[in-house]
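Undergrad: kindly return the folded structure for what I paste below:
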Amino acid sequence: MRSRLASPCVKLCRIDPESGLCEGCGRTLGEIAAWTRMSDEERDAVMVDLAARLRALQPRRGDDAMAAREAKTR
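TA: Here you go, the predicted model:
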């Protein structure tokens, strides 16, 4: 049985037009659409990159994205 890696979704789905990344979780639309079909290794590779992606978006995104991510980790 395949294990389930938690989704990075924070229910703030808004795509940054410059980068093509979700401002809430940092994934691309393709990654979001394929998430449940990805292998554990593929999802893990995406998860490793998310923190850097979100840091790169930070100057362009609003405070609501950061608040949503912090609320999910509490």
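Undergrad: can you pull the buried residues of stretch 44-64?
TA: Of the residues in stretch 44-64, 46-47, 50, 53-54, 57, 61 count as buried by neighbour count, 16 or more other CB atoms under 10 Å. Quick note: C-beta positions are derived from backbone N, CA and C, even for glycine.
Undergrad: can you list the weak-confidence ranges in the protein?
TA: For the chain, the stretches flagged by pLDDT under 70 are 1-5, 60-74.
Undergrad: ok, which stretches of this structure are strands?
TA: Counting by DSSP state E, the chain has no strands at all.
Undergrad: report how many residues lie close to Gly30.
TA: 9 (other CB atoms under 10 Å).
Undergrad: measure it to Pro59 for me?
TA: Distance of Gly30 to Pro59, given as CB to CB, to the nearest Å: 24 Å.
Undergrad: what's the answer for Pro8, then?
TA: Taking CB to CB, one finds Pro8 at 20 Å from Pro59.
Undergrad: check Leu29 too.
TA: The gap separating Leu29 from Pro59 is 22 Å, by CB to CB.
Undergrad: before we move on, what about Glu41?
TA: For Glu41, the distance to Pro59 - CB to CB - is 31 Å.
Undergrad: likewise Glu31?
TA: 22 Å.
Undergrad: name the residue closest to the centre of the chain, please.
TA: Centroid-nearest residue in the chain: Cys25, 2.3 Å away (criterion: CA atoms, centre = their mean).
Undergrad: contacting residues for the residue nearest to that residue when sequence neighbours are not counted?
TA: Leaving aside its sequence neighbours, Cys25 sits nearest to Pro8 (CB to CB, 6 or more residues apart in numbering; 4.3 Å). Contacts for Pro8 (CB atoms under 8 Å, 6 or more residues apart in numbering) come out as 25-27, 47, 50.
Undergrad: again with Arg27
TA: 8, 21, 35, 46, 50.
Undergrad: now, those that are in helices?
TA: Counting by DSSP state H, the contacts of Arg27 place 46, 50 in helices.
Undergrad: quick one: which of the contacts of Arg27 is nearest Arg14?
TA: Leu21 (9.9 Å; CB to CB).
Undergrad: quick one: contacts for the residue nearest to that closest one when sequence neighbours are not counted?
TA: Spatially, and ignoring its direct neighbours in sequence, Leu21 is nearest to Arg53 (5.6 Å; CB to CB, 6+ apart). Listed by CB under 8 Å, 6+ apart, the contact set of Arg53 reads 19, 21, 26.
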